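Student: Sharing a model that was predicted from the sequence below.
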Protein chains: 2
Amino acid sequence: MALVKRYSKKREAILEVIQGTDIHPSAEWVYQRLKPEYPDLSLGTVYRNLTAFRQEGIIGSVGVICGQERFDRMVAPHTHFFCRGCGRVEDLFEVDNGEAVAQQAAEKFGLYIEQTRLTFEGLCEDCLQSEKKKLS
Amino acid sequence: MALVKRYSKKREAILEVIQGTDIHPSAEWVYQRLKPEYPDLSLGTVYRNLTAFRQEGIIGSVGVICGQERFDRMVAPHTHFFCRGCGRVEDLFEVDNGEAVAQQAAEKFGLYIEQTRLTFEGLCEDCLQSEKKKLS
DNA sequence: TTCGTTGCAAACATTTTGCAGTTTC
DNA sequence: GAAACTGCAAAATGTTTGCAACGAA
């Protein structure tokens, strides 16, 4: 572990990519996005920095979706929707995210809850239409 | 894909293992559990059957936790708690699991929601005590 | 000069898959 | 006998890590 943090242009760029999109990217996506501008960027560096950001609480994580961890520019808890058709992960704001329930559960079962994750899976409007067409 | 399903002793045993525990096992755990009784059991067979069970809706999945998919004997939606101390995954019954919220969100955003997953992460009572001791 | 950061490639862990032999029906 | 099922081992996938070179303070 690093005791003192030093500046790094690539680290800054990685953070900017995460914070500049709401698609909840994977490490690979961040890497592909930066590769043109930083031809000598390494995938390992992306992983190392994303993991550090997550541990420091600078970015969030939606969890593993289709085998890849998906990161989140938003740290504040909110609900997510994953479309199994197009693979999109959307934020669902103005929707309860289980925080209150967590509070209750913590008291009821004597748990110390640090994080709550509410995720819906299904089909977005577009993919639902496509699916209907295929079946008819 | 198999068009007609045939009987298999090992498949039956794999299902029994899942249905006989509430620890939400990984494929590896099921494999280790059955290996003594079925020395020629293959990990591939465990994966193949668990995946099929999940797709058929015979068993559930809690998602990927610490790099491994954890399966669930219960198909009906319910809330889970993952303790990052001991790795345990517990069912939290009698706790709202976001179904009602999913209904609302589906209407509001025009989504077709097939599955909702509410998971809390933190420390169970035991691990909280241990952590406190370590820090003092 | 120190030590944090990176590229690279190898290592790792989990899961999937191709194929030949076995089992069910 | 046809087709599903399995063991085995190799492959595929996503992620981590060791190390020497590089770069910031």
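Tutor: Received it, and whenever you're ready, just let me know what you need. Numbers count the residues shown, from 1 in each chain, chains lettered A, B, ... in the order given.
Student: So which bits of chain A are right by chain B?
Tutor: Proximity of chain A to chain B is confined to A:63-64, A:67, A:79, A:81, A:84, A:90, A:92, A:94-96, A:98, A:101-102, A:104-106, A:108-125, A:128 under the rule CB under 8 Å from any CB of the partner chain. Just so you know, the C-beta spots here come from the backbone N, C-alpha and C atoms, and that holds for glycine as well.
Student: Kindly supply the PyMOL command isolating those of these that are buried.
Tutor: The following PyMOL line selects those of the residues of chain A next to chain B that are buried, judged by 16 or more other CB atoms under 10 Å in any protein chain shown:
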select buried, chain A and resi 63+64+79+81+84+90+92+95+96+98+101+102+105+106+109+111+112+113+116+117+118+119+120+121+122+123+124+128
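Student: Mark which of the residues of chain A next to chain B are part of helices, please.
Tutor: A:101-102, A:104-106, A:108-109, A:125, A:128 (DSSP state H).
Student: These into a markdown table, with extra columns for pLDDT and distance to DNA strand C?
Tutor: Compiled in a markdown table, these are given as follows (pLDDT from 0 to 100; distance: CB to the nearest atom of the strand, whole Å):
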| residue | pLDDT | distance to DNA strand C |
| --- | --- | --- |
| A:101 | 89 | 27 |
| A:102 | 93 | 26 |
| A:104 | 91 | 31 |
| A:105 | 92 | 26 |
| A:106 | 95 | 28 |
| A:108 | 92 | 30 |
| A:109 | 93 | 27 |
| A:125 | 94 | 28 |
| A:128 | 94 | 25 |
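Student: Need phi/psi at the closest residue to residue A:130 other than its chain neighbours.
Tutor: Spatial nearest neighbour of residue A:130, excluding adjacent residues (CB to CB, 6 or more residues apart in numbering or on different chains): residue A:85 at 6.8 Å. Backbone torsions for residue A:85, taken as degrees, to the nearest 10, come to phi -80, psi -60.
Student: show me the contacts for residue A:85.
Tutor: Residue A:85 makes contact with A:123-124, A:126-128, A:130-131, according to CB atoms under 8 Å, 6 or more residues apart in numbering or on different chains.
Student: Flag the shaky bits of chain A, pLDDT-wise.
Tutor: Within chain A, the ranges that satisfy pLDDT under 70 run A:1.
Student: So in it, which helix runs the longest?
Tutor: helix A:43-56.
Student: what's next to it, contact-wise?
Tutor: Taking CB under 8 Å, 6+ apart as the rule, helix A:43-56 contacts A:10-11, A:14-15, A:18, A:27-28, A:30-31, A:34, A:59-61, A:71.
Student: Where neighbours are concerned, which of the residues you listed has the most?
Tutor: Top of those by neighbour number is residue A:14, holding 27 neighbours under the definition other CB atoms under 10 Å in any protein chain shown.
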